[in-house]
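> whatever this is, show me its structure:
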Amino acid sequence: MPLGFKNGTTGDTQIAVDAIGAASHGHTFLSVTKQGVSAIIHTKGNPHTHMILRGGKGMTNFDAESVATAAANIEKAGARASIMVDCSHANSKKEFKNQPIVAADVAKQVAGGDTVIRGLMIESHLNEGKQKLDPGKTFPKDLKYGVSVTDGCISFENTLPLLRELAAAVQARRAKK
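Numbering: from 1, shown residues only. Next up is the predicted model:
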């Protein structure tokens, strides 16, 4: 199964590179079977790892140069470069309405032929925004329907054109092959 590792909140990608390297290689360790018997377990490693670029410390890392640097560092560690871009968090400067800007830049990279970007993380819900839960209430009746209670989200209405733009970028990349 695909397994992603985010860069650190400082923006440093070495943490994710190290995690990808560790997860990509097989391991042998002592464990217990379902029957409760001690056993030595051998794993093959996961070839389906990827780095999630989320930015950090007010800096973005979704631009082509950041993606290329991250990909080179993953390959230097002996793993296949595979990147997912988080359109939220520091990449959107913590403003959910900036996510389409990030996605548009990524779409341009993909349309231009980038093959290491495998996907995006987009904070999306039925309606835009974010609302807080009142911890003193068991089921607040004043919540707005379809608005996130966790992260600020773009609306479904604004997500659709973004998805169409990304699909067109993939088609443009395919046409270049």
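> and the helix or strand where residue 84 lies, which strands flank it?
Using DSSP states H and E, residue 84 sits within strand 83-86. Counting by DSSP bridges, the strands paired with strand 83-86 are strand 49-53 (parallel), strand 117-121 (parallel).
> contacting residues for residue 152?
Residue 152 makes contacts with 88, 95-96, 123, 128-130, as judged by Cβ atoms under 8 Å, 6 or more residues apart in numbering. Any C-beta I mention is one placed from the backbone N, CA and C, and that applies to glycine too.
> quick revisit: which of the strands paired with strand 83-86 sits closest to residue 162?
Closest approach to residue 162 among these is made by strand 117-121 (8.9 Å; Cβ to Cβ).
> run through who's touching that closest one.
Applying Cβ under 8 Å, 6+ apart, the contact partners of strand 117-121 are 50, 52, 67, 82-88, 102-103, 106, 109-110, 166.
> buried residues, it. List them.
Buried residues in strand 117-121, counted by 16 or more other Cβ atoms under 10 Å: 117-118, 120-121.
> gap between the longest helix along the chain and the chain center?
Taking DSSP state H as the criterion, the chain has its longest helix at helix 156-176. Mean-position distance between helix 156-176 and its chain equals 17 Å (Cα atoms, centre = their mean, to the nearest Å).
> next one: stretch 74-94
Centre-to-centre, stretch 74-94 and its host chain are 7 Å apart (Cα atoms, centre = their mean).
> now the end-to-end length of it.
One end of stretch 74-94 to the other measures 26 Å (Cα to Cα, to the nearest Å).
> got the buried residues for that stretch?
Neighbour-count burial for stretch 74-94, counted by 16+ other Cβ under 10 Å, picks out 74, 77, 79, 81-92.
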